[in-house]
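1. After the sequence you'll find the predicted model.
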Amino acid sequence: MTDSAAKTLVPVLRISFPDEDRLGHGKMELLEHIRQTGSISAAGRAMDMSYRRAWLLVSEMNRMFNEQVVESQRGGQKGGGAALTPFGEELLERFRRMERTMRTSLAEDLAWLEGKRNLQQGERG
């Protein structure tokens, strides 16, 4: 991330379910890494998290919906693996679309906030 991107206001989408489950950027990033690597453990490593934490997040997502998000295969000659289900692919696609919609919808207000932001706030004593 560049210096200017790090200093830009960024809206973050997080969907809270009534039973305290949440769906947000981190879980979606994990799904993207699982899609790229075919592995829950490799996806976790890519995000600097343990296999156990990655597996718990996948398990949580699979429990949240009436369809599986990720399917895993145990063992075998290649040591198993994981893949997004068709529902998992659609979930990821729809979440990313919701993020784009949110950024587009809020662009004018974010620009206004950015213009009002005190850029010397780190220099306050």
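-> Arrived safely. Numbers count the residues shown, from 1 in each chain.
2. any chance you could map the helices in the chain?
-> 3-6, 25-37, 40-46, 51-64, 86-116 (DSSP state H).
3. residues in contact with the residue nearest to residue 113 when sequence neighbours are not counted?
-> Excluding the flanking residues, the one nearest residue 113 by C-beta to C-beta, 6 or more residues apart in numbering is residue 9, at 5.8 Å. Any C-beta I mention is one placed from the backbone N, CA and C, and that applies to glycine too. Listed by C-beta atoms under 8 Å, 6 or more residues apart in numbering, the contact set of residue 9 reads 110, 113-114, 117.
4. Residue 28 too?
-> Neighbouring residues of residue 28 by C-beta under 8 Å, 6+ apart: 92, 95-96.
5. Out of the residues you listed, grab the one that's most surrounded.
-> residue 92 (20 neighbours; other C-beta atoms under 10 Å).
6. separation between it and residue 83?
-> 12 Å (C-beta to C-beta, to the nearest Å).
7. Over to residue 107?
-> Taken as C-beta to C-beta, the span from residue 107 to residue 83 is 35 Å.
8. low-scoring pLDDT stretches of this protein, where are they?
-> 1-6, 75-79, 121-125 (pLDDT under 70).
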